[in-house]
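Participant: this one's sequence-less:
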């Protein structure tokens, strides 16, 4: 227990440092939120007034202090572009992002493990070669192209699935089941686009891990004892081969929440990726800081989780620490 | 030997996926698009907020226009006509405006609309605490316009001095006092669930998904025909194209390159119309070479702008020669306009007359300084890179070197709007979207440099005089003449290389009826008259 508490406490100064550096870097980029307020008919003095209203005329450390003071009280401020509370802007979009990324993650893991096992079990034979070819294709085809092709085939040509959006806007709250159904329809294409990209890389890792494990003496011993191939894979090799994947997933957690911008853009999916990118372009500092704050906490959580899982998958680590 | 794996897994997954997709396919009827009385409109980005005095982006304005109304509104001919006001009068000295308001108007929440709402709206805009770009429209030479409610249905505006463009500012959409008094306008929750007086009432806004407005049955004007309008933010152009083809949206601005493809889609009608907009290359007039009109003229004669219109806009635009759109009521008559039509042979003569000689590298120079420039533009537009390349190649042919520097928008704005003299660019490419009122004081008056939008440093005392006079004269015909003369003078001086007036090509689903006459004000000027099968 003490170990985890210490781990969490160590992370706090790290988060503060990270946020301060981001805060400064953000302001080094040319422009600021007041550029949104440019209008050919506007006097220069009015622009100065808006900068003052937004406290942009203060020195950066003072601005950061003011932001931190509010953030500690759970107030992430208001978006300079929309006037909306940042927490509200994030929480409005979080469900869509989580739905997309968790579905894609689950699918990615299941398919990765299957393909990785097949590939490793049949290493250098034709199933492995086919999978290798497909994963390389998956890695090299850009996500936006996959997305557009999916829309072209399944939405425009076959008219099976909707091309964009979250659910049919003509449905209202009185038809919850219809909304769920419509959301699932809208979810399919973005999830496929999202998954194809991530399966490819992870499968390569898992295949490699599996091949390594299958060559271990304990597997040979197990096989000699006449254990069935399926049991051998599922009970003896699976967990050990998953170790590198667990570490990778821990690092991917913040990415899952910050959203897959390209997929969201193509499928007009209302997630956090769009919010972050729009904020970056309009130099909406409060929203950017809000999303960064969330990501930094998630990096911490992701690392903790992957540490926990590795300890579960590999008892040797627990003994050593 | 390697262990065996369950052989059938992969085919099973594939079959399942396809079956699943097929099943959903049948349930995926296009309800949204075919619904009678519903119009679906694309927004090319997510609106920031829906408060008409705060909006800065076109998407917000598109939605706001259906929910709110102003004392006056701009019609298809870009003229002002009464809306919430019944009539208005301007005093003979041009300093007092009296607006008589309609009596039967209520806000969407049922509260009656009065003169207090109008006064509140304009005073909120003038309040320095409000983060709005509109404040400058109501402050003349540092003095704010005074708004008072004479009675419940009469508003008086007192101007510190005559200011003709005020009438357009008086058309601003009005917000409700009873909901916004004593709240921080910049962050009010009203901004995301607005209440207006317009033909449609706000219903819902799902961030990143859609905004729905529904018919306002107690609208004071002609009753709206549509039951609802669904606005869908679709940023990607190609996604928008698919949406109009599939019938998910009912209107879409088509790139000229896609026009032929769109013509083949049976359920679409295509409309083409002029906009209040022009694209240009601005010359930094503080540059030692570019301040010489001979050099600017040499550049203008070298560039075949008709060829640019044909190549970049596929012919869907017109070559521009003056800083005012041909659809404006103040556009100068044909023979008043100086045209620098393509004549590259004139370029060499002009440069040589100005004392330039070609050096060994084939580039013109004077006193050891080459005619070598950079052109900057903000990334994002489809046309700018092509325009820049054509201009680069044209100038290369006559012996002027041009380097193209595309920039991220904010970096571009930092250079152009630096507020310093001189500014660190040679040429910059940009478009101006114009207001229906031809007053472009902030772009051309010499006092607007270096702070202001006259970032090229243009200065012509005669133009300054005309721009000042245009603001004080209220007579429509006189103003038209003043601005026509100013535009013609600017066109002759060539502070910009005016490129073209682009035209909008709109694809509209044929189930939509009641569009207004295609023109710079768009197809939905009278949104209440639109219906959908």
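Facilitator: Done, it's in. Just so it is clear, the model here is predicted, and its values are computed rather than measured. Numbers count the residues shown, from 1 in each chain, chains lettered A, B, ... in the order given.

Participant: quick one: the strands in chain A?
Facilitator: For chain A, no strands are identified by DSSP state E.

Participant: and if you look at the stretch 201-350 of chain B?
Facilitator: Using DSSP state E, counting those that start in this stretch, the strands of the stretch 201-350 of chain B run over B:210-215, B:228-233, B:251-253, B:268-274, B:277-283, B:317-319.

Participant: please name every helix or strand in contact with the fifth one.
Facilitator: Translated: strand B:277-283. Applying 3 or more Cβ pairs under 8 Å, 6 or more residues apart in numbering or on different chains; DSSP states H and E, one finds that strand B:277-283 contacts helix B:383-398, strand B:427-433, strand B:496-509. For the C-beta atoms, the positions are set from N, CA and C on the backbone; glycine is no exception.

Participant: the strands of the stretch 201-350 of chain B into TSV, with extra columns for mean pLDDT and mean neighbour count?
Facilitator: Shown next, in TSV, are the strands of the stretch 201-350 of chain B (pLDDT from 0 to 100; neighbours: other Cβ atoms under 10 Å in any protein chain shown):
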stretch	mean pLDDT	mean neighbour count
strand B:210-215	94	22
strand B:228-233	93	23
strand B:251-253	94	19
strand B:268-274	94	16
strand B:277-283	94	23
strand B:317-319	94	21
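
Participant: out of the helices and strands packed on strand B:277-283, which one sits most buried?
Facilitator: Neighbour counts (mean count of other Cβ atoms under 10 Å in any protein chain shown) averaged over each of the helices and strands packed on strand B:277-283 peak at strand B:496-509, with a mean of 22.

Participant: hmm, it touching chain A?
Facilitator: No - Strand B:496-509 stays clear of chain A (Cβ under 8 Å from any Cβ of the partner chain), getting no nearer than 13.9 Å.

Participant: name the next helix or strand downstream of that strand, please.
Facilitator: For strand B:496-509, the following helix or strand on the C-terminal side (DSSP states H and E) is strand B:512-513.

Participant: what helices and strands are in contact with that next one?
Facilitator: Using 3+ Cβ pairs under 8 Å, 6+ apart: strand B:512-513 touches strand B:531-532.

Participant: in the helix or strand hosting residue B:156, what counts as buried?
Facilitator: Using DSSP H and E, residue B:156 maps to strand B:154-158. In terms of neighbour count (16 or more other Cβ atoms under 10 Å in any protein chain shown), strand B:154-158 has its buried residues at B:154, B:155, B:157.

Participant: turn the strands of the stretch 201-350 of chain B into a markdown table, including distance to residue A:58.
Facilitator: Output for the strands of the stretch 201-350 of chain B, formatted as a markdown table (distance: least, Cβ to Cβ, whole Å):
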| stretch | distance to residue A:58 |
| --- | --- |
| strand B:210-215 | 35 |
| strand B:228-233 | 33 |
| strand B:251-253 | 41 |
| strand B:268-274 | 46 |
| strand B:277-283 | 34 |
| strand B:317-319 | 46 |
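
Participant: ok, the residue nearest to the spatial centre of chain A - contacts?
Facilitator: Nearest to the mean C-alpha position of chain A, by Cα atoms, centre = their mean, lies residue A:256 at 1.4 Å. Residue A:256 is in contact with A:97, A:98, A:101, A:102, A:105, counting by Cβ atoms under 8 Å, 6 or more residues apart in numbering or on different chains.

Participant: which among those residues count as buried?
Facilitator: A:97, A:98, A:101, A:105.

Participant: ok, these vs chain B, which is closest?
Facilitator: Of all the buried ones among the contacts of residue A:256, the one with the least separation from chain B (Cβ to the nearest Cβ) is residue A:97, at 9.9 Å.

Participant: how much space separates that closest one from residue A:264?
Facilitator: Going from residue A:97 to residue A:264 by Cβ to Cβ, to the nearest Å gives 8 Å.

Participant: repeat for residue A:313
Facilitator: Per Cβ to Cβ, residue A:313 is found 32 Å from residue A:264.

Participant: please identify which of the two sits among more neighbours.
Facilitator: Taking other Cβ atoms under 10 Å in any protein chain shown, residue A:313 and residue A:264 do not tie; residue A:264 has more neighbours (27 against 16).

Participant: residue A:281: neighbour count?
Facilitator: Neighbour tally, residue A:281, other Cβ under 10 Å: 16.

Participant: report the contact partners of it.
Facilitator: Residue A:281 sits next to B:409, B:410 when contact means Cβ under 8 Å, 6+ apart.

Participant: before we move on, the earlier item: what touches both of residue A:97 and residue A:264?
Facilitator: Here residue A:97 and residue A:264 share the contacting residues A:271, A:273, scored by Cβ under 8 Å, 6+ apart.

Participant: quick one: stretch B:137-152 to chain centroid distance?
Facilitator: 26 Å (Cα atoms, centre = their mean, to the nearest Å).

Participant: end-to-end on it?
Facilitator: 25 Å (Cα to Cα, to the nearest Å).

Participant: and the residue of the stretch 201-350 of chain B found nearest chain A, how far is that from residue A:96?
Facilitator: Distances between the stretch 201-350 of chain B and chain A by Cβ to the nearest Cβ are smallest at residue B:208, namely 2.6 Å. Per Cβ to Cβ, residue B:208 is found 7 Å from residue A:96.

Participant: shared neighbours of these two, anything?
Facilitator: Here residue B:208 and residue A:96 have A:166, A:269, A:270, A:271 as joint contacts, going by Cβ under 8 Å, 6+ apart.

Participant: now the buried members of those residues.
Facilitator: Buried among the shared contacts of residue B:208 and residue A:96 (16+ other Cβ under 10 Å): A:166, A:269, A:270, A:271.

Participant: and the pLDDT at the residue lying closest to residue A:58 once chain neighbours are set aside?
Facilitator: Sequence neighbours aside, residue A:66 is the residue nearest to residue A:58 in space, at 7.5 Å (criterion: Cβ to Cβ, 6 or more residues apart in numbering or on different chains). The score at residue A:66 is 88. That number is its pLDDT.

Participant: what separation do you get for residue A:66 and residue B:263?
Facilitator: Using Cβ to Cβ, we find residue A:66 at a distance of 57 Å from residue B:263.

Participant: just residue B:218 next, same as before
Facilitator: Taken as Cβ to Cβ, the span from residue B:218 to residue B:263 is 42 Å.
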